[in-house]
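Participant: the sequence and its predicted three-dimensional model are supplied below.
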Amino acid sequence: MGEVDRSYIIKIIIVFFLGWALLYADRTALYPLLGVIGDDLNLTGAQAGAITSAFFVCYTFMQIPAGMWGDRYGLKKMLVFMFMLAGIALLAIGIFPPGYLTLILLVALHGTGAGAYFPAAMGTTLKTVPQKMRGLSSAIVQSGMSLGLALGLVCSGPIYLYFNSWRMPFFVLAVPTIMLAVVYQIVLRDIRPEASHTREKSSVRWIFNNKNLMLLSVTSFCSQYGFWTVVTWGPTFLQTERGLSLAVAGLYTAIVAFTAIPATLTIGSCSDRFGRKKPSLILLPLAAVTVFATGYVKSLPALIAVLVCYGLVGKLTWDPIEISWFGDHVAAVRPEAMGTAVAFFNFFGMCAATVAPVVSGWVKDITGSLVSSFYLGGAIVLLGSVLLIFVPETVSGAGSKDKGTPLA
């Protein structure tokens with residue numbers, strides 16, 4: 001495969017970093033407002049959790065179709081259209097005063113548009129960037145998640161309090177989201193679908209037959225279950241059970257994102273040099289302990305320490321390792337199906353984002369507390385760390401020496 005010029009690699013890393021920052025800000029701006037929206041619309045805990053699940057159901061089920069369409073027709077075309085759709089749906093939430101059903105539908109539409117981003121962005125990155133740079137490039141791109149997570153959690157409360165409207169944070173975020181879709185149209189080159197990429201190769205059946213890819217996918221689910229438990233219900237937990245204000249609760253939860261940024265860049269770079277498996281077997285068990293401890297500790301200093309530790313070892317820090325590890329295995333056996341493969345991988349992981357908010361809300365309704373939800377989240381993350389023991393570092397194959405895919 002041909003080399004890709006370094007300046008273009010830098011451009012795509014920057015614009016994909018910005019894309020993750022905006023999409024995470026778009027979605028996480030909702031979390032500190034769940035209690036406010038629930039009070040305004042007279043919702044139960046499970047109904048409020050279902051708002052976030054509406055996003056993630058559509059986001060998750062768009063993964064595989066988006067990856068297959070991108071591999072067949074071009075990743076750029078799909079990305080630009082769907083990113084614009086996500087921005088327009090967000091704008092509608094900010095402009096119109098929706099009832100519960102309308103809000104669910106608009107959030108679902110936003111999730112549908114956002115669902116194409118992971119297979120398009122990571123498929124393009126993994127097919128463009130040489131293997132020796134995948135860990136670092138993935139770390140930089142995905143550190144946008146941490147920035148967006150922090151922005152959404154920190155800014156949504158103050159914007160709501162200033163305008164006295166929970167719709168305004170979404171209006172504010174919709175504008176740059178729509179603008180970035182235009183930037184993608186201008187900056188990105190499309191990757192040519194390979195002539196050998198037949199309908200059979202666009203399927204996902206071969207992934208089910210690959211033990212390593214399946215184990216990594218299930219582990220991603222486990223890691224993300226703990227993460228979305230902390231992020232979606234963390235602000236509400238801190239308000240209702242630890243006595244913090246709305247703005248401060250969002251700031252506390254954002255500690256996870258702030259501390260994850262330097263950790264992500266450091267760990268991602270190290271994985272290019274020392275491998276993916278060893279750091280993974282260290283990070284995931286520690287992440288499980290910190291998710292459990294989030295519900296266990298009661299003093300604010302201890303809670304801050306736990307959230308800092310989770311930022312350092314949790315899902316956001318492990319992300320560049322897991323996707324690079326997965327990408328290494330795909331490149332070795334079926335590099336022409338990278339978009340479909342990473343879409344399947346993210347589909348499996350994001351199923352946790354669909355399940356965790358509702359299950360956590362259900363546990364809250366039954367027990368009257370979110371503490372048990374964090375205990376459950378920690379146990380599921382620990383299960384994922386056990387599964388990684390059975391995944392080899394990498395495999396040899398025809399595609400393992402790839403240096404980047406020729407661009408249109």
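Facilitator: Received the coordinates, thanks.
Participant: low-confidence ranges, the stretch 1-150 of the chain, go.
Facilitator: Scanning the stretch 1-150 of the chain for pLDDT under 70 picks out 1-4.
Participant: let's see it at 80
Facilitator: 1-5, 45-46, 49, 53, 56, 70-74, 97-98, 126-127, 129-135 (pLDDT under 80).
Participant: Val306 contacts Gly295, doesn't it?
Facilitator: No. Here Val306 lies out of contact with Gly295, judged by CB atoms under 8 Å, at a distance of 9.5 Å. C-beta: built from backbone N, CA, C; applies to glycine.
Participant: of these two, who's got more company?
Facilitator: The residue with more neighbours, out of Val306 and Gly295, is Gly295; 25 against 22, by other CB atoms under 10 Å.
Participant: show the pLDDT at that one.
Facilitator: On the pLDDT scale, Gly295 is placed at 91.
Participant: kindly report the same for Val395.
Facilitator: 61.
Participant: cool, Ala302 as well?
Facilitator: 92.
Participant: state the number of residues packed around it.
Facilitator: With other CB under 10 Å as criterion, Ala302 counts 12.
Participant: over to Val256?
Facilitator: 29.
Participant: what's near enough to touch it?
Facilitator: The contact partners of Val256, by CB atoms under 8 Å, 6 or more residues apart in numbering, come to Leu149, Val230, Val231, Leu307, Tyr310, Gly311, Gly314, Leu316.
Participant: show me where the stretch 1-150 of the chain has helices.
Facilitator: Taking DSSP state H, counting those that start in this stretch to define them, one finds helices in the stretch 1-150 of the chain at 6-28, 34-41, 45-61, 63-73, 75-95, 100-114, 117-128, 134-163.
Participant: could I get the ones you listed as CSV with distance to Cys270 and mean neighbour count?
Facilitator: Formatted as CSV, the helices of the stretch 1-150 of the chain follow (distance: least, CB to CB, whole Å; neighbours: other CB atoms under 10 Å):
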stretch, distance to Cys270, mean neighbour count
helix 6-28, 18, 21
helix 34-41, 36, 17
helix 45-61, 30, 23
helix 63-73, 28, 23
helix 75-95, 28, 22
helix 100-114, 30, 21
helix 117-128, 19, 27
helix 134-163, 8, 23
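Participant: quick one: closest of the ones you listed to Val289.
Facilitator: With distances scored as CB to CB, the stretch of those nearest to Val289 is helix 134-163 (20.4 Å).
Participant: next, the angle from the helix or strand just after the closest one to helix 100-114.
Facilitator: Sequence-wise, the next helix or strand downstream of helix 134-163 (DSSP states H and E) is helix 168-187. Comparing the axes of helix 168-187 and helix 100-114 via axes from the mean of the first three to the mean of the last three CA atoms, to 10 degrees yields an angle of 20 degrees.
Participant: and helix 168-187, how far out from the chain middle?
Facilitator: Centre-to-centre, helix 168-187 and its host chain are 18 Å apart (CA atoms, centre = their mean, to the nearest Å).
Participant: and if you look at stretch 315-329?
Facilitator: With CA atoms, centre = their mean, you get 12 Å for stretch 315-329.
Participant: go on, stretch 229-248?
Facilitator: On CA atoms, centre = their mean, the centre of stretch 229-248 falls 21 Å from the chain's centre.
Participant: ditto for stretch 345-354
Facilitator: 9 Å.
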